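Show me the folded form of this:
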Amino acid sequence: MANTRQLPRSWLFGDMAAGLAVATVSVPIVLAYVKLTGLPVQAGLYSAILGAVAYAAFGPSRIIVGPDTATCVLIGATLAQVGPHGTGDRGLDAAILALFVGLFCLAGALLRLGAIANLLSKPILHGYLIGVAASLFVGQYDSLTGVKIVSDGIVPPTLELIAKFSAIHVPTLIVGLSLFVGARLLKRFIPVIPAAVAILFAGIALSWLLDLRGAGLAVVGNVRLSLPSFPNVAAMPDLTPLLIDALGIALVCFSSGIVTARSFATQLREDVEPNRELRGFGLANIASALGMGYPVSGADSRTAVALSTGGQTRWVAVFAAIALILMTLFLSQPLSILPIAALGAILTSAAVDLMDLKSLWHLRRVSRFELVLGLLTAVTVVWLGVMNGIMIAIGASLVHLLWYASVPKSALQGVIPGMTGLYDLEQHDNARPIPDILVYKFEGSPLFLNASWFRQRARHAFESYPHKVRWFLLNARMMVALDSTAQDEIIAFVDELKKRDVIFILAGGGERFREIVARGGLADAVGRENVFETVSAALLVLQPDLFQPAQAGDPKNSAGDAD
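Numbering: from 1, shown residues only. Got it, this is the predicted structure:
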């Protein structure tokens, strides 16, 4: 917990008010999310209460932990697939998943695997959220229409709904679409009012005034909180299928949670420690499992409410949990008549917010590959499932990274009269080669991935160079590492040049690169007198009069690619 002694006395009332706001927002969200998982309302309530309190006690940041959209979509799909291969009890399967997820997170924290979050690049996260949003949107067809949809995916459920058009329950459709439109209008014009809370009260009011249950609309039913019942652990079957699925859910929980933590840490100018976050998420999931709940993660909407309403410490989560318990104990009757269509409207609106196509399309300005990677993630998440989609996207990005590292760009360099520094000959029409010196820049560290590529490109540069060459100067400014495979290729190229009476000059490089050059044998092969710390130092020895003395304050003398 935060050190409350360092805060003004008003923190207590601010955190209590923020906790009440978070609890109010949590009620409709929890009710909606249990529909995604197919679990009892009580499971969602215990997940929200125990997960939030455990993270507040042991987590490092001020985010609110509880059920979130992406995790609940995955939990629902996992429970449906496990079926008879699990314990036979859907609620118990969910609790076991939460326990395994918690243990995996704790193990990851001990092994310091928080860096795995670095594999989840922005395109993957954008595509993942879009895929989840599409699945979530289609999953609300039955809630908004009253039609039972049995097919999976995106297109099959849509075609099934069209085929069953005559079976649509018109009152359910009118209520659901009206509340959805209301949620979008609030989001657009009055964003300070949480749409989920407004839909909660509107749905209860409509149900009471118009007797929607009597009109054939499905309602939530009993939401009273009671003590959880624990199973006979000794009678459990083989849990291997749940163990494997829990590993995927743990990755999604951590990924979703770390994104939430990083996003709000940026606003608060705080740092995020991934391994401590793993520990917090692990203990939160174990606490949820002990209450027969299901896996939890960072909840961005509730965190936003906590901070925007004046919350200053992690006590907000504790006050929110207390308020949520009181609300379910004393307001269970009004909540029981809430139409399922209202929950469908809340989830559909959440799906629209998650589907950030604009941000995905913006990626094309940086790299078309990133746009393709985001689209690939979205499609594979929809068609192959969340875990498979993320793994394929990570694999694709790693393959692209390896390809990029295996074929770095290179350039021949020269000088521009009247200016200092080196300039790529292809990029600057007024750049001229340096007499007797071929300056070759390789934009990467020589490693086994690109060793043969380096030798091939360097040989091509030498053989196609139209001027007499006395020195072949390797501009190693961008090199920070070197391995034995690449060193052997460079030495072989040095020997080729020696046979043509050309001296190889090695200039520049990071400190680690130069250390390996010195002790690995490359410096001896090149000749230690031909190894320079910087390109400028090498040129000063080879061509002392190359650059005109720089005039103070003359912008034309600003350096190009020099060190």
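
Only the buried residues of the lowest-mean-pLDDT helix or strand in the chain, if you could.
Across the helices and strands of the chain, the lowest-confidence element by mean pLDDT, DSSP states H and E is helix 300-308, at a mean of 75. For helix 300-308, burial by neighbour count (16 or more other CB atoms under 10 Å) applies to 300-307. No exception for glycine: its C-beta is placed from N, CA and C like everyone else's.

Could you do stretch 480-496 as well?
Result for stretch 480-496 [16+ other CB under 10 Å]: buried residues 482, 486-491, 493-494, 496.

those strands in the stretch 451-563 of the chain, which residues are they?
Secondary structure of the stretch 451-563 of the chain (DSSP state E, counting those that start in this stretch): strands at 469-475, 503-507, 531-532.

could the buried residues of stretch 480-496 go into TSV alongside pLDDT and distance to Ala163?
Compiled in TSV, these are given as follows (pLDDT from 0 to 100; distance: CB to CB, whole Å):
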residue	pLDDT	distance to Ala163
Leu482	95	64
Ala486	95	61
Gln487	96	66
Asp488	95	66
Glu489	95	63
Ile490	96	67
Ile491	96	70
Phe493	96	68
Val494	96	72
Glu496	95	71
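
Let's see which of those residues end up in helices.
Among the buried residues of stretch 480-496, the ones falling in helices (DSSP state H) are 486-491, 493-494, 496.

want to throw the strands of the stretch 451-563 of the chain into a markdown table with mean neighbour count and mean pLDDT?
Listed next are these as a markdown table, based on neighbours: other CB atoms under 10 Å; pLDDT from 0 to 100:
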| stretch | mean neighbour count | mean pLDDT |
| --- | --- | --- |
| strand 469-475 | 22 | 96 |
| strand 503-507 | 23 | 97 |
| strand 531-532 | 20 | 95 |
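
For these, give me a markdown table that also has distance to Ala458.
Shown next, in a markdown table, are the strands of the stretch 451-563 of the chain (distance: least, CB to CB, whole Å):
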| stretch | distance to Ala458 |
| --- | --- |
| strand 469-475 | 8 |
| strand 503-507 | 10 |
| strand 531-532 | 17 |
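
and Leu412, how far is that from Asp495?
22 Å (CB to CB, to the nearest Å).

still on that earlier bit, of the buried residues of stretch 480-496, closest to Asn450?
Ala486 (7.3 Å; CB to CB).

My read is that the closest one contacts Ala451, right?
Yes. Contact status for Ala486 versus Ala451: in contact at 4.1 Å, counting by CB atoms under 8 Å.

what angle sits between the helix or strand harbouring Gly203 and helix 300-308?
For Gly203, the element it lies in under DSSP states H and E is helix 195-210. Angle, helix 195-210 to helix 300-308, by axes from the mean of the first three to the mean of the last three CA atoms, to 10 degrees: 100 degrees.

how far out from the middle of the chain is whichever helix or strand comes after helix 195-210?
Downstream of helix 195-210, the next assigned helix or strand under DSSP H and E is helix 240-268. Distance of helix 240-268 from the chain centroid (CA atoms, centre = their mean, to the nearest Å) equals 9 Å.

Stretch 273-286 too?
16 Å.

what do you get for stretch 332-344?
Worked out by CA atoms, centre = their mean, stretch 332-344 lies 33 Å from the chain centre.

mind saving the C-alpha coords of it as CSV?
Listed in CSV are the C-alpha atoms of stretch 332-344, where the atom choice follows Å, rounded to 0.1, in the frame of the first residue of the first chain:
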residue,chain,number,x,y,z
SER,A,332,-29.9,-7.5,-5.3
GLN,A,333,-33.6,-7.2,-6.1
PRO,A,334,-33.3,-4.2,-8.5
LEU,A,335,-30.3,-5.9,-10.2
SER,A,336,-32.2,-9.1,-10.7
ILE,A,337,-34.6,-7.5,-13.2
LEU,A,338,-31.9,-6.0,-15.3
PRO,A,339,-32.5,-7.2,-19.0
ILE,A,340,-29.9,-9.3,-20.6
ALA,A,341,-30.3,-7.0,-23.6
ALA,A,342,-28.8,-4.2,-21.5
LEU,A,343,-25.7,-6.3,-20.8
GLY,A,344,-25.5,-7.0,-24.6
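
Check which residues of stretch 353-372 are buried.
Under 16+ other CB under 10 Å, the buried positions of stretch 353-372 are 353-355, 360, 363, 369-372.

What is the burial count for Lys148?
As a burial measure, Lys148 scores 10 neighbours (other CB atoms under 10 Å).

doesn't it fall inside a helix?
No. According to DSSP: H, G, I helix; E, B strand; the rest coil, the state of Lys148 is coil, so it is not within a helix.

Test my guess that it contacts Asp142.
Yes. Lys148 is in contact with Asp142 according to CB under 8 Å; the separation is 5.8 Å.

coming back round to it: gap between the next helix or strand after the least confident helix or strand of the chain and the chain center?
Counting by DSSP H and E, the element after helix 300-308 in chain order, helix or strand, is helix 315-330. Centroid separation between helix 315-330 and its chain, computed with CA atoms, centre = their mean, is 30 Å.
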